[in-house]
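Asker: sequence first, predicted coordinates after that:
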Amino acid sequence: MDFTLSEDQQTIYDAVTELASRFDDEYWLNKDHAHEFPTEFYNALAEGGWLGITTPEAYGGHGFGITEASLILEAVSASGGGMNAASSIHLSIFGMHPVIVHGSEEMKQQNLPRIVNGDLHVCFGVTEPDAGLDTTRITTFAKRDGDHYVVNGKKVWISKAMESEKILLLTRTTKFEDSAKKTDGLTLFFTDLNRANIDVRPIRKMGRNAVSSNELFIDDLHIPVEDRIGEEGKGFRYILDGLNPERMLVAAEALGLGRAALRRAVKYGNDRHVFGRPIGMNQGLQFPLADSLAKLDAAELMLRKATWLYDNGLPCAREANMAKYLCAEAGFDAADRALQVHGGMGYSEEYHVARYFREARLLKIAPLSQEMVLNYIGEHVLGLPRSY
Amino acid sequence: MDFTLSEDQQTIYDAVTELASRFDDEYWLNKDHAHEFPTEFYNALAEGGWLGITTPEAYGGHGFGITEASLILEAVSASGGGMNAASSIHLSIFGMHPVIVHGSEEMKQQNLPRIVNGDLHVCFGVTEPDAGLDTTRITTFAKRDGDHYVVNGKKVWISKAMESEKILLLTRTTKFEDSAKKTDGLTLFFTDLNRANIDVRPIRKMGRNAVSSNELFIDDLHIPVEDRIGEEGKGFRYILDGLNPERMLVAAEALGLGRAALRRAVKYGNDRHVFGRPIGMNQGLQFPLADSLAKLDAAELMLRKATWLYDNGLPCAREANMAKYLCAEAGFDAADRALQVHGGMGYSEEYHVARYFREARLLKIAPLSQEMVLNYIGEHVLGLPRSY
Amino acid sequence: MRWALEPEQEMFRDSLSGWIEKVATPPRVRGWLDSGDPTEFETALAEEGWLAVGTAEDSGGAGGGLLELAIAAETFARDAAPSSAWFASVLALPALDAKTAVTVIEEGRFAALVVSADGPPDTSARFTVTGNRVTGTASAVLGADRAALLVIPTDAGLYLVDSSSATITPTALLDRSRTTATVTLEAAEATRLEADAATFLAEAALRAAVLTAADSLGASTRMLQLSVEYSKQRSQYGQLIGSFQAMKHAAATVLVAEEASRSIVYYAAASVDERLPDAALHAAAAKAQATRAGSDTADSTLTMHGAIGYTWEHDLQLLYKRAKLNVALFGAPAVWNERIAQALELSAA
Amino acid sequence: MRWALEPEQEMFRDSLSGWIEKVATPPRVRGWLDSGDPTEFETALAEEGWLAVGTAEDSGGAGGGLLELAIAAETFARDAAPSSAWFASVLALPALDAKTAVTVIEEGRFAALVVSADGPPDTSARFTVTGNRVTGTASAVLGADRAALLVIPTDAGLYLVDSSSATITPTALLDRSRTTATVTLEAAEATRLEADAATFLAEAALRAAVLTAADSLGASTRMLQLSVEYSKQRSQYGQLIGSFQAMKHAAATVLVAEEASRSIVYYAAASVDERLPDAALHAAAAKAQATRAGSDTADSTLTMHGAIGYTWEHDLQLLYKRAKLNVALFGAPAVWNERIAQALELSAA
């Protein structure tokens, strides 16, 4: 066993932490309030070369693994940037995985260097209103017509679609009912987010407002065949590859958020005096914070194990799911307690913890609910019967 | 990073698991009911050479570290032996640490080989009724008289005293009020548990009844100077060395117990049918079990990190405390939920989970309460003011 | 709106409390539990007429309803009294004809409703009838080992069986202040009872839920009381432990749960008595709330006691186990949750 | 024991519910919250006479006590109505002389008790008085930005100040259905009020606790209702989500907490009204129980809704934030726990 990060990993974490610290809580508060994309932050990360962390060196990136990717997202989240910071770069960091593994050489050469230098913003178009968590139930349909596909359908909860030039778009090319297996018949594209045929409508939401979440109404969108990733009908398999890493990255973001919240809670507990003593002396306040630290530290270990397994080509589904579950739980609890320490929701924006709280709450729901993780663990790890 | 056990460690864990599996739940149930020391189990471990896992090779042991020690205790606990199994060997596994580090060569040669072969049973006499968690407040006094000390006082919660030939006994040789520092003036002995001068009274308790917990009334016990460990007045420092490893071992036992309880809960959830379907299909039952698995796995990682740090000579207090806290919490929750799955306390003994439950509850209180761990984390890790 | 007990209810509560404090002293309770023989308590209970409360006067009872019984359950639990025979009897009594009820109450011939305490009484498996002979088995029947008369739910209505014609095998409970047994009948001679089985069992389920909730309430009161007492004696780090904030908050949280539980338990009892439309919901809520709170209280107060609470010598363990058993007794939270959810009509069925 | 509301209380509840459903429709509430201007609601409230409930008739009120006010708070919260002006006024009214009270009630000149909602009203810092001039500042004063009259606790008793002589700076709350403000007075002209400050503030603390608890209760009721509705529309894996056991149990648990909370909240309100010896304890228990339950309910129901509950479009977020604010409003659980613990006399002082 060895529990230390490699020198590279530690350097990456420290450097990104330093870089992110240049964007203070006020910056994020203002971006969140103004519903404004954090361009300065995004550019700084791009200039530092961090967006290409997992992109192969042949395309201008660093070719590192998911461990390094998770460290970057954790660091930006923990800086106080939270989900606004993480979501602004999330897809650049690892979202191009299907393109890297299954995309054509031309697609890679045209796009990956632009991801690395920050020039190309992308979003991921999978979820649909009527499919919910069951991805095989999507109905957005891509009909082949000569050298292109014609796509119609609806997507929901598409992060950063407003700001994106391109979209990774999952469609059906064979209807659910006509597919031999329910995971067959899905096809993945990487194509222009053409506003003429895609109406992008932001969803107003409780938190993480610097990066948009959107509904997409797709109306006769023409996609050239060259924009298809890999083979027709194998799209589900291509995105499946990315599910475990995705959970790990979300876990890293939740973990960072919890750290940021706990840091503020401890500071406030030491600084704020009532009846002549710091409120942090109260066990009623101190014990929950100590508990949160223990839970965050344990969740971090699970996350590290998961990314280590993945990077070493070992099975990691159990750990990836648990990391998401434990980090989201610990992160939210830390944020909730930080809020309580500060005297509740009221004085929120002043202390930033309300922003952390709103974002941390989201991570218990999206991109995967805690309950679905428990279903996975119950069925596939414990071997209990399927419950839904 | 590397999350795999070494080959030796895996071998130790597997071998002890196999050995412990020869003692089934009925065995432990009967021992617990009869309040009878598990001699057969103890002997089997001794014959396997496992009791000497941390004893230096020069004295017949294996010279392994706390990681290997914790794996043994975890394995015997997880076998279903629980705390009865663990407590029967706990002090042999690591309790002689002060003797190994600070004892005289003669003391080591006389005793350590007998620990390894299982011939010598020992107990640890530290806690006192009026001192509680504050060890410096003990009052059992050893008065020097020529070539021996005369000891008077009272000890409580001394595990295995009934069955022990010798005792590691912590005393004061300078009174609290006369000591420059409160940690000064304590002296540690390793001596015969002489029944003529030590009245051993077992405490009846809710669980872990195969190994006694005792009150000791010490009346003019004469201890030869040769039985003193190290220097007079430095006893507190000698036992302090062992505090972090002790927490790790308790964590390992709690973890094992949680695994045992969860295993039974899952089995029952699959086996028991109500209304024509296994009760494990119920999300109300399945989700808490899945949550328990995640918490146990995370607690295990914290434990592994703690033992790895200790074995590598690195600071480990944070991780040792967190491991104890997280393992005790996760272990108890697993036992509590296992009980609920089985339909409550009623049918307890039949399914063994009530035994696990009673033992798991103990580990939240002893040897260190969860609240004291939170105090430690709050004050020494988070940097909040002392709260008590 | 009135929020106090009626004067006669208060009088009942006070006089029962006074009696139990005199009769069920801690050493005596210990004696009954250690010997496994609570006859002395049961006999006194019947002789002093406490068994009559909750049954109509024309059936030999002293009047009063489920609210009075809840007060009694709460009071018994406070002293960890071996109340299974009483609990079993008050569940069975509404099924009996007046003449038989009188013998139960006046002669202390305890009765038991033969349903498994593993679930709500109305879900227990029914026995079968051939002629006037009843056959079947039920496990975990509360107080069956203490009963002279057995009320048997069968597929053809309710039957009365003398316990001498049954095989009754006690099960050891972790909570030694209550007892259950497996009841097996093999073509046992039985008398048909007039009460409608479905109606009776549905109401028995609500009664069992409320009384189990009340039991947890009483246990909680006592556990908190023990903790407060202990906090005034025990010092750590030079301070009485009662001055530590963690201790104060734990005690306050326990008290809040107890107050909330008392409100809903009494309300549910009154609601069942008055057959309010939502009575089933109130009973289920009381069972879920008060037994869960009792279980949490057990854990909190054990923590407040530290290791001493774990010893056999200290009374806390009696209450601890009692509160833990109540969670599962007559149906785990999951089962009652299902009923509550049904009332909510979650899915458009 | 009677467990139903008195007929006139029921009538009040029903008519207020009817009125609020008509006046505070979801789109209207949205409008008030988005614009930050609830004047329309407040004016209607006063004009229709609802502000008169809870004040004695000889002070221009319509009678009724804290129980009626709790029913009102519960009702307002259910629709996320912007009720700060109302809440602030009913806290302030008992301090006013009859003549001033009449103007508040009849003319809708809302009043506010100038205490920080960061803690219980009786712990707020006092203003200072020189002659009849009052100086000082208080942050997070509920409804101060909506008030025409300010009741100021000073070191020399209670004073009345016209809000025009105060500097009032609103603070943005995450819960947009309520408002607080910082109130600063610099030698503001003031009139001495006769009510005894200590007595009045001690009672205001209990009233604030009970009404905040009632607010959480109302919010909980609505959140559960929204969840049940949603569960009948939303399918996953080919089933309505209401059929999943996790959903059912979550809903059942919410309902149990709501029933228990309602019992203790109404009981505490009646207890304060009747000045029962343990009224302070009951109020504290109600605050702790109902606001904690409300916060748990907020989290559970958000989970039941999934991502949709996180959107601005769905009403759940309004209630979610309201329930979360109530936990801290007028004193975090820790503060009320300290009071409860004091009542328990944990350490032999």
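Answerer: Cool, got the structure. Numbers count the residues shown, from 1 in each chain, chains lettered A, B, ... in the order given.
Asker: residue contacts, the residue of the stretch 1-150 of chain A found nearest chain C?
Answerer: Nearest residue of the stretch 1-150 of chain A to chain C (CB to the nearest CB) works out as A:Gly132 at 15.7 Å. C-beta: built from backbone N, CA, C; applies to glycine. By CB atoms under 8 Å, 6 or more residues apart in numbering or on different chains, the contact list for A:Gly132 reads D:234-236, D:306.
Asker: tell me how far it lies from D:Ala307.
Answerer: 9 Å (CB to CB, to the nearest Å).
Asker: what bridges to residue 142?
Answerer: The chain I'm using is chain A. With DSSP bridges as the criterion, A:Ala142 is bridged to A:Val151.
Asker: should've been chain C
Answerer: For C:Leu142, the beta-bridge partners under DSSP bridges are C:Thr180.
Asker: show me which residues of chain C sit near chain B.
Answerer: Taking CB under 8 Å from any CB of the partner chain as the contact definition, chain C meets chain B at C:117-118, C:140, C:171-175, C:180, C:234-237, C:239, C:244-246, C:299, C:302-303, C:306-307, C:309-313, C:317, C:320-321, C:324-325, C:327-329, C:332, C:334, C:337.
Asker: any of those residues buried? List them.
Answerer: Neighbour counting with 16 or more other CB atoms under 10 Å in any protein chain shown marks C:117-118, C:140, C:171, C:173-175, C:180, C:234, C:236, C:244-246, C:299, C:302-303, C:306-307, C:309-311, C:317, C:320-321, C:324-325, C:327-329, C:332, C:334, C:337 as buried within the residues of chain C next to chain B.
Asker: mind listing the strands for chain C?
Answerer: Taking DSSP state E as the criterion, chain C contains strands spanning C:111-113, C:128-130, C:133-142, C:149-154, C:157-162, C:167-171, C:180-189, C:191-192, C:235-236, C:239-240.
Asker: ignore the last one, the stretch 101-250 of chain A
Answerer: Using DSSP state E, counting those that start in this stretch, the strands of the stretch 101-250 of chain A run over A:122-125, A:141-145, A:148-159, A:166-172, A:186-192, A:198-202, A:213-224, A:228-229.
Asker: in CSV, list the ones you listed along with mean pLDDT and mean neighbour count.
Answerer: CSV is the format used below for these (pLDDT from 0 to 100; neighbours: other CB atoms under 10 Å in any protein chain shown):
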stretch, mean pLDDT, mean neighbour count
strand A:122-125, 96, 26
strand A:141-145, 97, 16
strand A:148-159, 96, 21
strand A:166-172, 98, 26
strand A:186-192, 98, 24
strand A:198-202, 97, 16
strand A:213-224, 97, 18
strand A:228-229, 98, 24
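Asker: go ahead and flag the most central residue of chain C.
Answerer: Geometric centre of chain C, nearest residue: C:Thr212, 4.1 Å, by CA atoms, centre = their mean.
Asker: tell me the pLDDT at that one?
Answerer: We have a pLDDT of 98 for C:Thr212.
Asker: still on that earlier bit, so which of the strands of chain C is the most packed in?
Answerer: strand C:111-113 (a mean of 30; mean count of other CB atoms under 10 Å in any protein chain shown).
Asker: partners of it, with directions?
Answerer: Paired strands of strand C:111-113, with direction, are strand C:149-154 (parallel) (DSSP bridges).
Asker: next, the angle from the partner strand to strand C:133-142.
Answerer: Here strand C:149-154 runs at an angle of 110 degrees relative to strand C:133-142 (axes from the mean of the first three to the mean of the last three CA atoms, to 10 degrees).
Asker: for the residue of the stretch 151-300 of chain A found nearest chain C, grab the count of nearby residues.
Answerer: Ranking the residues of the stretch 151-300 of chain A by distance to chain C (CB to the nearest CB) places A:Gln283 first, at 4.0 Å. The local packing of A:Gln283 (other CB atoms under 10 Å in any protein chain shown) involves 23 other residues.
Asker: ok and the longest helix along chain C relative to strand C:133-142, angle-wise?
Answerer: Longest helix of chain C, by residue count under DSSP state H: helix C:197-231. With the same axes, to 10 degrees as the basis, helix C:197-231 and strand C:133-142 are set at 20 degrees to each other.
Asker: buried residues of helix C:197-231, list them for me.
Answerer: Neighbour-count burial for helix C:197-231 [16+ other CB under 10 Å]: C:197, C:200-201, C:203-224, C:226-228, C:230-231.
Asker: excluding sequence neighbours, find me the nearest residue to A:Leu262.
Answerer: Excluding the flanking residues, the one nearest A:Leu262 by CB to CB, 6 or more residues apart in numbering or on different chains is A:Ala334, at 4.7 Å.
Asker: is the one you found in contact with A:Leu255, as I believe?
Answerer: No - checked against CB atoms under 8 Å, the pair A:Ala334 and A:Leu255 is beyond contact range at 9.4 Å.
Asker: flag the shaky bits of chain A, pLDDT-wise.
Answerer: Across chain A, residues meeting the criterion (pLDDT under 70) sit at A:344-350.
Asker: what's the closest non-adjacent residue to the residue nearest the centre of it?
Answerer: Against the mean C-alpha coordinate of chain A, by CA atoms, centre = their mean, the closest residue is A:Val250 at 4.6 Å. In this structure, A:Val250 finds its nearest non-sequential neighbour in A:Lys324, 5.7 Å apart by CB to CB, 6+ apart.
Asker: next: A:Glu371.
Answerer: D:Ala246 (5.6 Å).
Asker: how far away is the one you found from A:Asp336?
Answerer: Distance from D:Ala246 to A:Asp336, counting by CB to CB: 21 Å.
Asker: can you give me the neighbour number for C:Ile241?
Answerer: C:Ile241: 24 neighbours (other CB under 10 Å).
Asker: contacts only, for it.
Answerer: Residues counted as contacts of C:Ile241 (CB under 8 Å, 6+ apart) are C:230-231, C:234-235, C:247, C:304, D:347.
Asker: quick check: phi and psi at C:Ala156.
Answerer: The phi/psi pair for C:Ala156 (degrees, to the nearest 10) reads phi -120, psi 30.
Asker: angle of the longest helix of chain C against strand C:157-162?
Answerer: 60 degrees.
Asker: counting by contacts, list what helix C:197-231 packs against.
Answerer: When contacts are defined as 3 or more CB pairs under 8 Å, 6 or more residues apart in numbering or on different chains; DSSP states H and E, helix C:197-231 packs onto helix C:66-78, helix C:84-92, strand C:149-154, strand C:157-162, helix C:245-273, helix C:279-305, helix C:316-328.
Asker: if I read this right, A:Thr54 contacts A:Gly65, doesn't it?
Answerer: Yes - in this structure A:Thr54 lies within contact range of A:Gly65 using CB under 8 Å: 7.0 Å.
Asker: more neighbours: which of the two?
Answerer: Each of A:Thr54 and A:Gly65 has its neighbours counted (other CB under 10 Å); A:Thr54 has more, 23 against 18.
Asker: where's the more buried one relative to C:Glu48, distance?
Answerer: 80 Å.
Asker: contacts only, for the closest residue to C:Arg222 other than its chain neighbours.
Answerer: Counting by CB to CB, 6+ apart, C:Arg78 is the residue found nearest to C:Arg222 once chain neighbours are left out, at 4.6 Å. Neighbouring residues of C:Arg78 by CB under 8 Å, 6+ apart: C:20, C:218-219, C:221-222.
Asker: same question, C:Arg322
Answerer: Contacts of C:Arg322 by CB under 8 Å, 6+ apart are C:77, C:80, C:175, C:177-178, C:215, C:219.
Asker: how near is it to chain D?
Answerer: Distance from C:Arg322 to chain D, counting by CB to the nearest CB, to the nearest Å: 21 Å.
Asker: which neighbours do A:Ala334 and A:Leu255 share?
Answerer: Common neighbours of A:Ala334 and A:Leu255, using CB under 8 Å, 6+ apart, are A:Leu296.
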